[in-house]
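# Have a look; sequence and predicted model below, questions after that.
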Amino acid sequence: MTSCRAQPSPLTGRRPQHAASSRPRARRGARPAAYADADLDGLFTYCLSVMCEHDAAIAALGEALALAERQQERGRRPEAPALARSWLYALVRWCCLRRLALQREQGVSAGPRAVGEDAQRRRELAMLAWAEAAGTTQEQREALELAVRHRLTTAEIARVLRLPDEAARALLTTANCEVERTTAALAAVDSAHCPSMAMLSGDDRRVLLGPTLRRELVRHVDECPACRLVAQRAMAGLGWPGTAPAGQTRLAVVRAPRPAVHAARLAVRRARAQQGPRWDRWGFPLPEKDRAARRERLRGRAVTGTVVATVLAAPVLALWAAYRGGPVTGEAAELEGMSASVPDEVVEEGGGPGRQPNGERERRRPASPDEPTEEDESSGPDPEPSDDASPEDREGAGSGTEEPTTPAPGELFVDVATTGSGTLLTLTVSGGSPVDWSASTDADWLLLGRSSGTLWPGETVVVEVLVDTARQPAGPWQGSVFIQPTGARVTVEGAGESPDAPEEPPDDPSDPPADEPSDPPGDDPVPQPSPV
């Protein structure tokens with residue numbers, strides 16, 4: 001009888017020793033947590049002081065913790081340990097401000113609601129009251145809260161509020177001065193020596209103290225000698241204004257409801273649509289107003305680029321229209337303006353090669369066997385147009401032999417563009433012959449970059465019109481620039497500065513005006529229109 005021992009079945013996948021060896025390795029490579037549990041109370045207290053409602057504060061804190069974990073997983077959180085607290089407070093501040101902006105857009109009030117443990121929540125909100133800070137502005141109060149209640153340093157406050165260190169220090173100093181004045185006024189109230197002060201303050205002065213009541217108390221202390229003496233004795237230990245004992249004051253911190261906060265964090269992590277801020281180079285979130293300003297700058301650059309592209313494209317379009325033989329200003333183009341010489345064309349029915357203008361070729365059909373050829377036309381009289389010819393053919397045939405040999409006159413087109421430095425006149429010629437142009441003005445304070453010249457077909461010249469501010473009249477003025485031979489008139493308007501004192505009498509009117517910039521000597525600065 002033989003016995004056999006059961007063989008172990010082969011294992012699939014990795015061997016057990018590999019899996020066992022990978023577990024310690026995973027623990028060693030784990031990153032530290034994005035936040036510490038000890039920071040939750042301070043972060044929740046900050047959210048509660050901003051949102052003034054528990055559910056909104058819990059949602060804002062959960063969103064901030066989800067953002068912190070996401071940045072931690074991506075390796076984009078600040079690496080310096082000194083930036084850890086300020087980074088977390090910057091995240092909760094961004095979430096709170098974003099939610100407040102949404103509430104303002106939707107018209108939802110941010111006051112406390114009577115739901116759940118209403119009495120406990122109201123007590124926690126009352127713990128955030130700070131009577132001595134009643135006279136501070138919103139920015140000063142936020143800086144004081146971070147410094148006194150949350151024990152952040154000046155450098156950390158500057159990073160949270162996105163301020164330079166000097167600006168944050170100055171903000172804290174002015175806030176401490178206001179706290180000192182309020183503390184002195186409350187000391188005068190506690191003394192109960194002044195009936196007027198007792199009438200202003202009432203019985204429970206710390207709960208009812210607001211910005212208006214605080215302003216009245218401080219003004220009374222400044223005016224009443226007895227109250228001012230009490231205030232001076234109360235603040236005698238301070239060496240300099242701005243060094244109030246607020247930095248040594250201990251303010252209450254509300255305990256965070258951790259189960260609700262973690263539930264809000266998980267809800268944000270599992271949401272498909274997640275909205276996050278833009279980050280600066282140090283990993284801190286950028287405020288929404290910075291993003292709005294950036295969008296405005298990008299929109300302004302896009303509009304500026306469109307305007308510049310339009311201005312730069314105007315001469316190109318004018319040149320393209322000139323080469324196409326079409327007008328720039330919208331007038332109907334004539335056939336004579338498109339004439340040009342082309343290569344030889346073979347004439348049918350035994351005719352020899354000969355040159356024919358392009359415009360004539362477009363207006364006339366090929367010769368038929370019954371019509372005479374070019375050789376017959378050169379030796380005989382002008383033929384009469386046939387009866388079956390179209391009106392265009394009759395007009396072309398009746399024009400004689402002068403039209404094919406004489407090039408069509410050129411046409412001058414003017415385009416006007418206004419820039420920051422002046423007015424630009426773009427002159428373009430289309431046709432079969434050059435055009436002698438000239439520009440003149442009826443205002444001696446308008447200066448022309450060029451006053452005359454010759455343009456060949458397809459060429460473009462830009463004439464710049466500038467304003468001599470020393471010679472322009474005071475108040476609104478109007479001048480004209482005349483372009484010949486087209487007879488175009490361009491009106492330039494502007495306004496000079498009104499002088500405070502009467503101007504000196506002008507020079508002798510017999511003196512000739514200053515010469516306008518012109519071409520080299522020999523050219524008439526303002527030539528007469530040449531006959532077309």
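Right, received. Where do you want to start? Numbering: from 1, shown residues only.

# Skip the chain neighbours and tell me the closest residue to E145.
Leaving out its chain neighbours, the residue that sits closest to E145 by Cβ to Cβ, 6 or more residues apart in numbering is S49, at 6.2 Å. (Glycine included, C-beta is placed from N, CA and C.)

# can you tell me which helix or strand that neighbour belongs to?
Using DSSP states H and E, S49 falls within helix 40-51.

# on that earlier part again, the residue nearest to E145 against L128, yeah?
Yes. Here S49 reaches L128: they are 5.2 Å apart, a contact under Cβ atoms under 8 Å.

# tell me the mean pLDDT over the helix holding S49?
Helix 40-51 carries an average pLDDT of 93.

# Going along the chain, name the helices of the stretch 1-150 of the chain.
16-29, 40-51, 54-74, 84-106, 118-127, 138-144 (DSSP state H, counting those that start in this stretch).

# Just list what the shortest one packs against, helices and strands only.
Applying 3 or more Cβ pairs under 8 Å, 6 or more residues apart in numbering; DSSP states H and E, one finds that helix 138-144 contacts helix 154-161, helix 165-191.

# Now that helix: buried residues?
For helix 138-144, the neighbour count (16 or more other Cβ atoms under 10 Å) marks 140-144 as buried.

# got these as TSV, with distance to R151 and pLDDT columns?
Formatted as TSV, the buried residues of helix 138-144 follow (distance: Cβ to Cβ, whole Å; pLDDT from 0 to 100):
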residue	distance to R151	pLDDT
Q140	18	91
R141	16	92
E142	15	93
A143	13	93
L144	12	92
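
# Test my guess that L152 contacts L144.
No. Contact between L152 and L144 fails when scored by Cβ under 8 Å: they sit 10.8 Å apart.

# for the protein, which spans come out with low pLDDT?
1-32, 108-117, 192, 198, 201-208, 237-249, 289-409, 498-532 (pLDDT under 70).

# Could you list the domains of it?
Following automatic domain parsing, one finds the domains of the chain at 37-289, 311-334+408-495+514-532, 340-405.

# In a helix, I483, correct?
No. Using DSSP: H, G, I helix; E, B strand; the rest coil, the secondary structure at I483 is strand, not a helix.

# and it, how many neighbours?
Counted with other Cβ atoms under 10 Å, residues neighbouring I483 total 20.

# Show the contacting residues for it.
Residues in contact with I483 (Cβ atoms under 8 Å, 6 or more residues apart in numbering) are 412, 414, 425, 427, 437-439, 489-490.

# Who does it form a beta bridge with?
Beta-bridge pairing of I483 under DSSP bridges involves A439, A488.

# if I look at it, how far off is P78?
According to Cβ to Cβ, to the nearest Å, I483 stands 66 Å off from P78.

# so where do the strands sit in this structure?
411-418, 423-430, 435-441, 446-448, 452-455, 460-467, 475-484, 488-496 (DSSP state E).

# Make CSV out of those and add distance to G62.
As requested, the strands of the chain are arranged in CSV below (distance: least, Cβ to Cβ, whole Å):
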stretch, distance to G62
strand 411-418, 57
strand 423-430, 60
strand 435-441, 72
strand 446-448, 69
strand 452-455, 74
strand 460-467, 64
strand 475-484, 64
strand 488-496, 61
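
# returning to what we had before: how big is the angle separating the helix holding S49 from helix 154-161?
With axes from the mean of the first three to the mean of the last three Cα atoms, to 10 degrees applied, the angle from helix 40-51 to helix 154-161 works out at 50 degrees.

# coming back round to it: ok, the buried residues of helix 138-144 vs I58, which is closest?
E142 (20.4 Å; Cβ to Cβ).

# Chain neighbours aside, what residue packs nearest to the closest one?
Leaving aside its sequence neighbours, E142 sits nearest to L161 (Cβ to Cβ, 6+ apart; 7.0 Å).

# and what of H193?
In space, H193 is closest to A226, 5.9 Å off (Cβ to Cβ, 6+ apart).

# Count the residues that sit near the one you found.
14.

# what does A267 give?
A267, neighbours per other Cβ under 10 Å, totals 13.

# Distance check, the residue nearest to it when sequence neighbours are not counted against E69.
Distance criterion Cβ to Cβ, 6+ apart; nearest residue to A267, sequence neighbours excluded, is G62 at 6.8 Å. Using Cβ to Cβ, we find G62 at a distance of 11 Å from E69.

# Same question for F482.
75 Å.

# And the buried residues of helix 138-144, which is closest to D222?
For these, the closest approach to D222 (Cβ to Cβ) belongs to Q140, at 20.1 Å.

# In contact with the nearest residue to that closest one once chain neighbours are set aside, which residues?
Distances taken as Cβ to Cβ, 6+ apart place A175 nearest to Q140, at 3.6 Å, with adjacent residues excluded. For A175, the contacting residues are 133, 136, 140-141, 143-144, by Cβ under 8 Å, 6+ apart.

# Any chance of those in CSV with distance to S433 as columns?
Listed next are those as CSV, based on distance: Cβ to Cβ, whole Å:
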residue, distance to S433
A133, 86
T136, 82
Q140, 79
R141, 81
A143, 79
L144, 84
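
# Of the residues you listed, which pair is most distant in space?
So, these by Cβ to Cβ: farthest apart are A133 and A143, at 10.3 Å.

# thought R278 was touching E288?
No. The criterion here is Cβ under 8 Å, and R278 misses it with E288 at 9.4 Å.

# okay, the two: which has more neighbours?
Per other Cβ under 10 Å, whichever of R278 and E288 has more neighbours is E288, with 14 against 11.

# Relative to L161, how far out is the more buried one?
Distance from E288 to L161, by Cβ to Cβ: 15 Å.

# ok, now R141?
In terms of Cβ to Cβ, R141 sits 12 Å off from L161.

# do the same with R228
From R228 across to L161, the span is 34 Å (Cβ to Cβ).

# So which of those two has more stuff around it?
L161 (20 against 15).

# isn't the more buried one right up against A143?
Yes. Between L161 and A143 there is a contact under Cβ under 8 Å: 6.7 Å.

# Find residues that contact each of those two.
168, 171.

# residues near the closest residue to R77 other than its chain neighbours, how many?
Residue nearest to R77 in three dimensions, not counting chain neighbours: Q71, with 4.7 Å by Cβ to Cβ, 6+ apart. Look at Q71: counted by other Cβ under 10 Å, it has 19 neighbours.
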